[in-house]
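Q: here you go, sequence then predicted model.
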Amino acid sequence: MTEGKSSRARSAKRVAVAAVAVLFMTWLIDYIDRLVITLALPDIGDEFGLGTTMQGLILTAFFITYALMQIPGGILADTKGARRTMLLAAGGWTIFTATSGLAVGLTSMIAIRAVFGIFQGMYPAASIKALSERTTPKQRLTANGIMSASNPLGSAIAPIVAAPLIVAFGWRGAFWAVSILGLMIVFVLWKGMPKPLTTEELAAASGKKTVPEPVAQVSLRQAMGLLKSSMMWRFTLMFCGFNIIGWGLVSWVPSYLRENKHVSLTGVGLMSGVPWVAAAISMMVGGYLFDRFFQGNHRRVVIPVMLVTAGLLVMMVRAGSATEFIAWETCGTLVMYLAYMQIFGLPLRMLPPEYAGVGGGMVNFGGQLAGAISPFVMGFLAEHFSYGVAFSFLGVGCVLAIVGALVTPQTPEAFRAGLGRHLDLSEKKSAPAVAVSAA
């Protein structure tokens, strides 16, 4: 009997490792497909006769639909299944990555990128749901931290991959080339994603008499109930501020280095990736520090981090050389991403896992709304004033994140009390939900 339980426990661990590996790879391809355009924007602008405002509008078209799909994507994952939603998302965005290389002007490019955003917008909440279904409560925070580290790492890898492809094949050929990676990841999701954990596997892994049930699907009515929570929308605000900075840097640093600092395309690819390697490391360190030392008061992390980040962004704007600019940007992302898990991961840790799709979609909606705002506003400011003024806009993100930290609950008890009017968080049901601690 003991041997059988041990075998099932090892099976549960393998399921978690396999799920994290597949989701990590999928997120990397997601970011490469998404961010090729940031390296290609100057060439697209030259071919279509576009200034930075209209170039920013192309980026914003993607982020508008991407943001709007966060909550519907979560509802799809919670009601129809995470794996099915992820396959639809990856297949669709791969097709429209390739289609981006066929654009003939501003209007067609905006339309293509908007549809591309619809499919990519289905994926984030579904990936969170899939991870919840394939991990034990004790594994979830660590697993989510590793999966989330793929985001800044993808931001680091994307320009390194895209730059030589644009040099070799032009901006159109680069889109076609990276779509091949998308086809590969669809196959990996289809064949490599393990089935969700069963009750027996959870029991063997926990070693306890009281075992959390496998993550269930919820009804549309239950999923919609979470949308009524003003508290969840406050986390949305906080993540919006955080990502105004992140998406602003990702979107415009490559163009700034090419046009103002006259760095070669290959050099831009290498330099642009450095700050995001630092961000990936910082995200994992920040999650560990929060889990060990700062539980119950995320303001002690978020507010100081955002104040220091604002100061480092000022130094970045004042930099005289490309190297100095990247050095200050790297310091900024290194500090900023210490707060990532406190902003994005905290509500997911405290929510029941069956609501992970909708909850993740709500918080991520704020982050992607920032992607709709930041590139367009910064493109306008760069065209009509200067890149220095455009990058100064990132300070707005610091302010919003601080405001969000001040108005969100600090403890699981306060969080669950605030959700009590909208969800059934009885003791029996909510017990496994908050147990998302580091393994």
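A: Alright, I've got the coordinates.

Q: going by C-alpha atoms from here, please, whenever you check contacts or count neighbours.
A: Fine.

Q: tell me which strands and helices the host helix or strand of Trp93 is in contact with?
A: According to DSSP states H and E, Trp93 maps onto helix 82-100. Packing contacts for helix 82-100, counted by 3 or more CA pairs under 8 Å, 6 or more residues apart in numbering; DSSP states H and E, involve helix 2-48, helix 70-80, helix 106-133, helix 137-192.

Q: for it, give the mean pLDDT please.
A: What helix 82-100 shows for mean pLDDT is 94.

Q: with stretch 231-243 instead?
A: In this model, stretch 231-243 has a mean pLDDT of 87.

Q: show me the contact partners of the helix holding Trp93.
A: Helix 82-100 is contacted from outside by 30, 33-34, 73, 76-77, 109, 112-113, 115-117, 119-123, 126-127, 129-130, 172, 175-180, 182-183, 185-186, 189-190, 193, using CA atoms under 8 Å, 6 or more residues apart in numbering.

Q: still on that earlier bit, will you turn the helices and strands packed on helix 82-100 into JSON lines that also has mean neighbour count and distance to Ser272?
A: Shown next, in JSON lines, are the helices and strands packed on helix 82-100 (neighbours: other CA atoms under 10 Å; distance: least, CA to CA, whole Å):
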{"stretch": "helix 2-48", "mean neighbour count": "20", "distance to Ser272": "10"}
{"stretch": "helix 70-80", "mean neighbour count": "26", "distance to Ser272": "27"}
{"stretch": "helix 106-133", "mean neighbour count": "25", "distance to Ser272": "22"}
{"stretch": "helix 137-192", "mean neighbour count": "21", "distance to Ser272": "7"}
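
Q: and of those, who's closest to Ala61?
A: Taking CA to CA, helix 106-133 is the member of the helices and strands packed on helix 82-100 nearest to Ala61, at 5.1 Å.

Q: how about low-confidence regions in the stretch 251-400 of the chain?
A: Along the stretch 251-400 of the chain, segments meeting pLDDT under 70 span 287-288, 290-297, 345-346, 348-350, 352-357.

Q: could you pull out the helices in it for me?
A: Assigned by DSSP state H, counting those that start in this stretch, the helices in the stretch 251-400 of the chain fall at 265-293, 299-317, 322-336, 340, 346-350, 356-384, 387-392, 395-407.

Q: for Ala149, find the nearest of those helices.
A: Closest of those to Ala149 is helix 265-293, at 5.0 Å (criterion: CA to CA).

Q: mind putting the helices and strands packed on helix 82-100 in a markdown table, distance to Glu259 included?
A: A markdown table is the format used below for those (distance: least, CA to CA, whole Å):
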| stretch | distance to Glu259 |
| --- | --- |
| helix 2-48 | 8 |
| helix 70-80 | 34 |
| helix 106-133 | 21 |
| helix 137-192 | 15 |
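
Q: Leu153 against Val277, yeah?
A: Yes: Leu153 lies in contact with Val277 (CA atoms under 8 Å); the separation is 5.7 Å.

Q: which ones are touching Arg172?
A: Contacts of Arg172 by CA under 8 Å, 6+ apart are Ser100, Gly101, Leu102, Ile166.

Q: max pairwise distance over these: which two?
A: It's Leu102 and Ile166 that sit farthest apart of the contacts of Arg172, by CA to CA, at 14.8 Å.

Q: between the helices of the stretch 251-400 of the chain, which gets nearest to Arg134?
A: Among the helices of the stretch 251-400 of the chain, helix 356-384 sits nearest to Arg134 (CA to CA), with 12.6 Å.

Q: now do that closest one against helix 395-407, angle only.
A: 150 degrees (axes from the mean of the first three to the mean of the last three CA atoms, to 10 degrees).

Q: report the buried residues of helix 356-384.
A: 356-382 (16 or more other CA atoms under 10 Å).

Q: over to stretch 389-403?
A: Result for stretch 389-403 [16+ other CA under 10 Å]: buried residues 390-395, 397-403.

Q: now that stretch - C-alpha only, PDB.
A: Taking Å, rounded to 0.1, in the frame of the first residue of the first chain, the C-alpha atoms of stretch 389-403 are listed here in PDB:
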ATOM      1  CA  VAL A 389       9.300  62.700 -22.900                       C
ATOM      2  CA  ALA A 390       7.900  59.400 -24.100                       C
ATOM      3  CA  PHE A 391       9.900  57.400 -21.600                       C
ATOM      4  CA  SER A 392       9.000  59.800 -18.800                       C
ATOM      5  CA  PHE A 393       5.400  58.700 -19.300                       C
ATOM      6  CA  LEU A 394       6.400  55.400 -17.500                       C
ATOM      7  CA  GLY A 395       6.300  57.300 -14.200                       C
ATOM      8  CA  VAL A 396       2.500  57.100 -14.500                       C
ATOM      9  CA  GLY A 397       2.800  53.400 -14.100                       C
ATOM     10  CA  CYS A 398       4.700  53.700 -10.900                       C
ATOM     11  CA  VAL A 399       2.000  56.000  -9.500                       C
ATOM     12  CA  LEU A 400      -0.900  53.600 -10.400                       C
ATOM     13  CA  ALA A 401       0.900  50.600  -8.900                       C
ATOM     14  CA  ILE A 402       1.400  52.500  -5.700                       C
ATOM     15  CA  VAL A 403      -2.300  53.500  -5.600                       C
END
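
Q: what's it in contact with?
A: By CA under 8 Å, 6+ apart, the list of residues contacting stretch 389-403 reads 237-245, 248-249, 302-303, 306-307, 309-310, 313-314, 317, 377-382.

Q: buried subset of those as a ChimeraX selection?
A: Restricted to buried positions by 16+ other CA under 10 Å, the ChimeraX selection for the contacts of stretch 389-403 reads:
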select :237,238,239,240,241,242,243,244,245,248,249,302,303,306,307,309,310,313,314,317,377,378,379,380,381,382
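
Q: state the pLDDT value of Leu165.
A: Reading off the model, Leu165 has pLDDT 93.

Q: how much space between it and Trp176?
A: 10 Å (CA to CA, to the nearest Å).
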